[in-house]
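Trainee: fold the following.
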Amino acid sequence: MGLFDRLRKTDEPPPADPVPIPSAPSLADIGTALSRVEQMVSGPDVPTVVRSRTLAVTKTVREVLPRLANLGLGSYDAYSVVATATDYLPEAIGAYLRLPRDWADTRPVDGGKTSLMVLVDQLDLLASTMGKIADAANRTDASALIAHGRFLQEKFGRPQGVDMTVGAP
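Mentor: You can find the predicted model right below:
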């Protein structure tokens, strides 16, 4: 071993293999997560207010999924859609469902609100947020349609007062 090799040598162990970074959920993974949430709220013990609000959120997320690219795949909005389906919604529903029904629906836990009321507030917030994100995703396509219409008007639009019908003089 030469001098250079001895200077480079340390008693530190070689670096560990890097921890693999999990890949982003696929559209199928997100759909499966939404189906699990829908199954969680399908039981007879789940209040109708929870079921209906949950299903409204999952419906909006499903409608946005094909337009995730319109939001920018690395964008905060796209992340929020995925996180709502795979984390925020299942965690909120799961935490509520782990509580005894009578206790969760009658015992104040946060500023006079029951666990049911807290969950409904969370579901309303998720629904509102997903609605705004859906609007943003749809606006992208609407803007593209408007821009294309303007292009066509410039390219093929007819001057005012000119009759473009076949056989017109």
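Trainee: how far off centre is the top helix by length along the chain?
Mentor: In the chain, with assignment by DSSP state H, the single longest helix is helix 115-156. Helix 115-156 sits 12 Å away from the centroid of its parent chain (Cα atoms, centre = their mean, to the nearest Å).
Trainee: against which helices or strands is it packed?
Mentor: Contacts defined by 3 or more Cβ pairs under 8 Å, 6 or more residues apart in numbering; DSSP states H and E place helix 115-156 against helix 48-64, helix 68-71, helix 76-83, helix 89-97, helix 101-106, strand 108-110. Where you see a C-beta, it was placed from the backbone N, CA and C, and this is true even at glycine.
Trainee: average model confidence for that helix?
Mentor: Helix 115-156 comes out with an average pLDDT of 91.
Trainee: for the most centrally placed residue in the chain, which non-adjacent residue is spatially closest?
Mentor: Nearest to the mean C-alpha position of the chain, by Cα atoms, centre = their mean, lies V81 at 0.8 Å. Closest residue to V81 apart from its sequence neighbours, by Cβ to Cβ, 6 or more residues apart in numbering: V64 at 5.3 Å.
Trainee: now do that neighbour against A127, distance only.
Mentor: Between V64 and A127 the computed distance is 12 Å (Cβ to Cβ, to the nearest Å).
Trainee: okay, now the unreliable bits of the chain?
Mentor: In the predicted model, the chain carries pLDDT under 70 at residues 1-16, 158-169.
Trainee: rewinding a little: between V64 and A127, which is the more surrounded one?
Mentor: Neighbours were counted for V64 and for A127 using other Cβ atoms under 10 Å; V64 has more, 26 against 19.
Trainee: the more buried one and S23, how far apart?
Mentor: From V64 to S23 the distance is 20 Å (Cβ to Cβ).
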